[in-house]
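[1] Build the 3D model from these lines:
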Amino acid sequence: MKRKFKLVGRPASKKNSRIVLKKQGRVIDIPSNAYRTYKKSCLEQITEQLGAKIRLMKPWYIVEVEVFYKTMVRLDGDNVLSSILDIFQDAGVITDDKMVGKSSVTMHLNTREEDYLLVTVFEVDEKDFVVA
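    Now for the predicted structure:
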């Protein structure tokens with residue numbers, strides 16, 4: 001089974017531009033405001049696209065991400081993938097981002113439309129990743 005999602009908006013990296021706070025003598029490292037805003041938007045879009053469908057799929061996944069940017073400035077596919085996997089885990093589309101056996105990110109320069117991502121999540125059996 002596969003599910004496709006279109007997420008509108010420029011992806012924000014969870015790893016970059018983190019905020020470091022000091023609270024009661026402890027250092028707390030949290031994602032940037034840009035990432036938190038992007039995550040909230042993605043969660044709303046995913047929920048809208050899933051509707052009442054069951055969220056949790058099989059325990060192993062293949063995830064393909066296509067990124068459509070208006071400009072290639074500060075583009076890092078690894079960070080985009082990491083952020084998207086965390087968001088899809090929080091949305092309940094995948095059970096754990098550690099269970100993604102294969103992933104890919106493809107970047108496209110797209111000057112005609114706003115920034116967006118196309119994310120395809122395939123559920124697969126464990127046997128597809130077992131080496132005999």
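
[2] Verify the contact between A91 and I46 for me.
    Yes: in terms of Cβ atoms under 8 Å, A91 counts as a neighbour of I46; the distance is 4.5 Å. C-beta coordinates here come from the backbone N, C-alpha and C atoms, glycine included.

[3] pLDDT below threshold where in this protein?
    16-18, 52-58, 72-75, 128-132 (pLDDT under 70).

[4] quick one: T106 is in a helix?
    No: assessed with DSSP: H, G, I helix; E, B strand; the rest coil, T106 is strand; it does not lie in a helix.

[5] Run a quick check on it versus V63, I expect a contact.
    No: using Cβ under 8 Å, T106 makes no contact with V63, being 11.9 Å away.

[6] Between those two, which has more neighbouring residues?
    More crowded of T106 and V63, by other Cβ atoms under 10 Å: V63, with 21 against 11.

[7] who does the closest residue to F5 other than its chain neighbours bridge with?
    Sequence neighbours aside, V119 is the residue nearest to F5 in space, at 4.6 Å (criterion: Cβ to Cβ, 6 or more residues apart in numbering). Beta-bridge partners of V119, counted by DSSP bridges, are F5, V65.

[8] wait, what's in contact with V119?
    4-7, 63-66, 84, 88 (Cβ atoms under 8 Å, 6 or more residues apart in numbering).

[9] closest to G101 among those residues?
    V63 (9.3 Å; Cβ to Cβ).

[10] Quick check: the gap between that closest one and R112.
    Going from V63 to R112 by Cβ to Cβ, to the nearest Å gives 26 Å.

[11] same thing with I19?
    Distance from I19 to R112, by Cβ to Cβ: 34 Å.

[12] Could you check which of those two is surrounded by more residues?
    Using other Cβ under 10 Å, the more surrounded residue of I19 and R112 is I19, with 12 against 6.

[13] how close does that one sit to A12?
    I19 is 13 Å from A12, by Cβ to Cβ.

[14] Just give me the residue closest to the centre of the chain.
    Nearest residue to the geometric centre of the chain (Cα atoms, centre = their mean): I84, 0.9 Å.
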